[in-house]
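[1] structure, please.
(3 chains)
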Amino acid sequence: MSDAIAAHAGSPGAHAAHHSDLQHHFDSLEQQHEAATLGMWLFLITEVLFFGGLFLAYTLYRIWYPVAWAEASRELDIVLGAFNTAVLIGSSLTMAFAVRAAQTGKQRATVVWILLTMALGLVFLIVKYFEYKEKFEHHHVPGPNFAFEGPQAGPAQIYFSLYFLMTGLHATHMIIGFVIMAVIAWMAHKKRFTPEWYTPVEISGLYWHFVDIVWIFLFPLLYLVDRAGHFA
Amino acid sequence: MFAGIPLLPEQASTLAADVDALYLFIVAVTAFFGILTTVVVIYFAAKYRTDDPLKVGARIHGSIPLELAWSIIPFLITLVIFAWASSVFFDLQRPPDQTLEIYATGKRWMWKFQHLDGQNEINELHVPVGRPVKVTFTSEDVIHSMYFPAFRTKADAIPGRYSSVWFSATKVGEYHLFCAEYCGTNHSGMVGRVVVMEPTAYEMWLTGNVSGGSLAQRGERLFSDLACNTCHLSDGRGRGPSLARKFGASEKLTSGTTVAIDEAYVRESILMPQAKLVDGYQPLMPTFQGLVSEENVMALVEYVKSLRTQDTAVSRAEAPEEPAKPTAPQENR
Amino acid sequence: MTVAAPRVTYLNHEHTVASWLLTKDHKRIGIMYLLVVTFAFFLGGLFASMIRIELATPAGDLVSADTYNKLFTMHGVAMVFFVLIPAVPAILGNFVLPLQLGAKDVAFPKLNLLSWYVFVIGFLFTVYAMVSGGVDTGWTFYTPYSSRASNTIVVATGLGVFITGFSSILTGLNFMVTIHRMRAPGLTWFRLPLFVWAIYATSLVQILGTPVIAITTLALAIERFLHFGIFDPVLGGDPVLFQHMFWFYSHPAVYIMILPPMGAISEVIAAFSRKSIFGYSFVAFSSLAIAVFGFLVWAHHLFVSGISVYSALVFSLLTYAVAIPSAVKTFNWAATMYRGAIWLKAPMIWAIAFLGLFLVGGLTGLFTAALGVDVHIHDTYFVVAHFHFIMVGGAIMGYFAGLHYWWPKITGKMYSDIWAKVAAIIVFVGFNLTFGPQFILGYLGMPRRYHVYPPEFQVLNVLSSAGASILAVGYILIAIYLVASIFWGEEAGDNPWHATGLEWTTQSPPLPHNFATQPVVTEDAYEYSKREIKVV
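    Numbers count the residues shown, from 1 in each chain, chains lettered A, B, ... in the order given. Coordinates of the predicted model:
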């Protein structure tokens, strides 16, 4: 039975002269890189489904309670939200530059661009902290202390439940991304990346861009419900 | 039936036999294919058995005609089952136009029934034989499910909305009522019985169990106690729309869409008045969430229903047929 | 039979505890999953035994109502999330997949180890909930009971399920990349063993579906813990939304549970018929079809929950559609046996038992998919019987078929063939006696999750409980002879079953890095005979 399979003595790159970054279960750096990239894309697809459940709930309730959605949305600070959107888009730009720098072997520039990305991410989180604080002070946090004027209070509490779940989940991903960036920055500082192998930078970049894109959906959905004439 | 164990529950409603016929058809189909496949497998295992580990089987790749056959034929059979089952489903879900209406609520762990004439029951439901009955119900707390096995029907009782089941009982007797959605500690204790009676016995039961006026009358009292009548003036010039001749009609909303005025809409208007606001009116109505029990909401719904043929306060809801005065001794009920 | 010199295997080349707990070897990780899953299985089985003992009498005389409710909940949680979902993928998949692909390991070995730790942490959360008083919401956690009314340890259990979900996601991701990127030279897609196709289809479902249960359980835990209001009807929320979100994953989840065992069955039937699986590409595509269609039927769990009649029609039709690929597979398996050389060793007995029980389980799905019948049988013992036939009669039997098939490769030892066949028969008989009467009970109207029941249902319940005791004996027997084989079993040799497949070309137990030299594939899977015969 087993003569159907021929033994193959030593595939290229399996031993002797193999790259220090090549993990032992892979045959080539290229295979390793393709596996890592595919893996990260698949992970991001799972993240889409993860956030997706909340987007589904949001869509349903917005269709049922458009008035409550509009009133509650107007309670959010549109200036801070827009500012944060710009900050995150900027951080994606710096991240793209970081990947480019790693790709072209510019070690120091890689570190700088990643640190900039982290700084922008931190700005985002700080702004978020102030937004949450304000929500807390206005009793817009769902639960026993929730207070909302008018007859839309019930659905408005659902709106804010979704607001905190969606932005909270997003912020958690930002914090994780921040930690990942710190690790990547450290590795770049230690000159671990070369033009032949900078995969961790690239796939971390994919993750960061994804977190940015989620926010780009969250901002209009949460902040821009029926804002015509209501910019304060 | 074997050893005295029945295979089917009693058929006590007009649709029970339809459901059982469908069921037995599916039993026949599945038994046929199940037994056929099992026999084939066992036959092959026996016929082609060998103890020689080095012997190999024939090299057979497959057969597209066979694959098509055993994909398409089963699918067509399932389509037949689907069509038949859907037809039975329509019958189960669509009550006839004229039904005896009963309201109910489920709450942990009991069923409370309200008859139109004011009779209230807990865990028991008296109905006449041979007449379509529709039970409209909700839950006061968690999800329950109203299940009458003898009638082959059930529906979940969901807090926040109305569900309904309908049946037309065909046999006098007592049958199980079960809660069929897990609801906590005493889920298996949330049971009762439906008592199907001859029409005369039913009428006697009705007259013997009235307390405090019909459901619609109770609703009318609530309507004034809760000051609904201060806004919902019957001449239409109040802060809220008139409710006369509204039930069963359609209404245009501020959003531009139209809504059918049914039990669910009336309930929603009481508990979440701003959700579907009638066109031309201001969002002034306060919510009565937490101020009115689900049972009282049903009384109010029934009151609004009673206004569909008249526009002033009703003194007695649609009178049931006058009960025939029996000369025979009373039923022991 | 003695071994000439002690060989290096993945089992003996390192002995320390750290070498196991920090291993990146997919084979060792598979065994670590085996230990946790087996423990969870016996835990769930213990709860099931108490349920069946209680249900032997109509009165609630063994345990209180609250305890009973916790028993069936924890039975479900343990079995669904910690046995059925991981059993074949995380144990057999981890062990066998790289071997069948001719690879040295999975694509991300460290992630694989992390998956195991995540699994264990999730399990510990759940065990903590069990020992601190338990959960009584049912494994389905329906709101508002779970979010507002239950006063049991819902949050910890919900978080346990949430965390464990990531183990499933990461494993699916790992396997998918492995299959895409790490096949041996010459191993094209249509030369893959059908087990690999099954794992691939399963990974699709794990990746797309599990995140939804993750967000659902997270939302539930937060709703309960922080009093958010997404499912709260008092605020205008919809408790049925929870059901939609829950079943959007939990229905595809049952395909996570059945597809890998079906893959194992394909391997066993091919090996013990010494013949290629009939209609290979149809079986492969059926796996994919099941994975995809499985996402389109979730609302058949909501037929009486107030969905519209038209929605119900659509979901009923789609449910019938998803049944067809499973039927196609079953017919192909049977056709494989035609003119085979059937070697009735223990794995084949398990596989034939699977066929019988899976048939019943699948066919009874036709009842629950039928709207007019489902109104009557929904939430009764009919449904309980249906899903146990598929989950236990199908998935668990398939798991055991695979375990018995690959046990010699995993351990290098042979178990007692006689005892394994005896166990298969005991399990088959016990299983039918346990769950067969439940179909009748359900149609008679006995609702599920009932602690006490009307006396007229007692006879059938007693039959069911008697069957359960036989079933328990069968399962315990398996543990005994398999463990015994580790100490006293015969040496298995590289390929005791004379089967095709790359896993059988290497030693038993395998080397730490699987193959001495990189295999190259030049033939289709299941190449037993050379002469082609046409039928029909």
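
[2] going forward, measure contacts between C-alpha atoms and count neighbours the same way
    Will do.

[3] okay, now residue B:80: neighbour count?
    In terms of burial, residue B:80 registers 12 neighbours under the definition other Cα atoms under 10 Å in any protein chain shown.

[4] I'd assumed residue B:156 was in contact with residue C:304.
    Yes - proximity of residue C:304 to residue B:156 meets the contact threshold set by Cα atoms under 8 Å, at 5.9 Å.

[5] so residue B:287 makes contact with residue B:268?
    No - counting by Cα under 8 Å, no contact exists between residue B:287 and residue B:268, whose distance comes to 9.6 Å.

[6] who's more crowded, the two?
    Each of residue B:287 and residue B:268 had its neighbours counted (other Cα under 10 Å), and the higher figure belongs to residue B:268 (22 against 17).

[7] whichever residue of chain A sits closest to chain C sits in which helix or strand?
    Scanning chain A for the residue nearest chain C gives residue A:154, at 4.1 Å (criterion: Cα to the nearest Cα). Per DSSP states H and E: residue A:154 is located in helix A:153-189.

[8] mean confidence score for that helix?
    Averaged across helix A:153-189, pLDDT comes to 96.

[9] stretch B:14-27 and chain C in contact?
    Yes - with Cα under 8 Å from any Cα of the partner chain as the measure, stretch B:14-27 is seen reaching chain C through B:19, B:22, B:23, B:26.

[10] buried residues, that stretch. List them.
    B:14, B:15, B:16, B:18, B:19, B:20, B:22, B:23, B:26 (16 or more other Cα atoms under 10 Å in any protein chain shown).

[11] same check on stretch B:195-212?
    In stretch B:195-212, counting by 16+ other Cα under 10 Å, buried: B:195, B:196, B:197, B:199, B:200, B:201, B:202, B:203, B:204, B:205, B:206.

[12] can you pull the contacts of the first one?
    Taking Cα atoms under 8 Å, 6 or more residues apart in numbering or on different chains as the contact definition, residue B:195 lies against B:124, B:125, B:126, B:127, B:172, B:173, B:174, B:175.

[13] give me that answer again for 7 Å
    With contact taken as Cα atoms under 7 Å, 6 or more residues apart in numbering or on different chains, residue B:195 is in contact with B:125, B:126, B:127, B:173, B:174, B:175.

[14] run through who's touching stretch A:145-158.
    Outside stretch A:145-158, the residues within contact range by Cα under 7 Å, 6+ apart are A:65, A:68-69, A:72, A:139-140, A:142, B:274, C:229-230, C:235-237.

[15] which among those gets closest to residue C:168?
    residue C:230 (26.4 Å; Cα to Cα).

[16] how about the closest one, secondary structure?
    Of the three states, residue C:230 takes coil according to DSSP: H, G, I helix; E, B strand; the rest coil.

[17] wait, it sits on residue C:240?
    No - contact between residue C:230 and residue C:240 fails when scored by Cα atoms under 7 Å: they sit 10.7 Å apart.

[18] okay, the two: which has more neighbours?
    residue C:230 (29 against 22).

[19] and that one, what are its phi and psi?
    phi -70, psi -30 (degrees, to the nearest 10).

[20] for residue C:496, see how far away it is.
    For residue C:230, the distance to residue C:496 equals 57 Å [Cα to Cα, to the nearest Å].

[21] once you drop chain neighbours, what's closest to residue A:90?
    The spatially closest residue to residue A:90, leaving aside those adjacent along the chain, is residue A:120, at 7.5 Å (Cα to Cα, 6 or more residues apart in numbering or on different chains).

[22] give the contact list for that neighbour.
    Residues in contact with residue A:120 (Cα under 7 Å, 6+ apart) are A:87, A:88, A:91.

[23] what helix or strand does the spatially most central residue of chain B sit in?
    Centre of chain B computed as the mean C-alpha position; nearest residue by Cα atoms, centre = their mean is residue B:165, 1.6 Å away. Of the helices and strands defined by DSSP H and E, residue B:165 is found in strand B:163-168.

[24] need the CA coordinates for that strand. CSV is fine.
    Presented in CSV, the C-alpha positions along strand B:163-168 are these (Å, rounded to 0.1, in the frame of the first residue of the first chain):
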residue,chain,number,x,y,z
SER,B,163,-49.5,35.5,20.9
SER,B,164,-52.5,33.3,20.2
VAL,B,165,-53.6,29.8,19.6
TRP,B,166,-56.9,28.6,18.3
PHE,B,167,-58.7,25.3,18.3
SER,B,168,-62.2,23.9,17.9
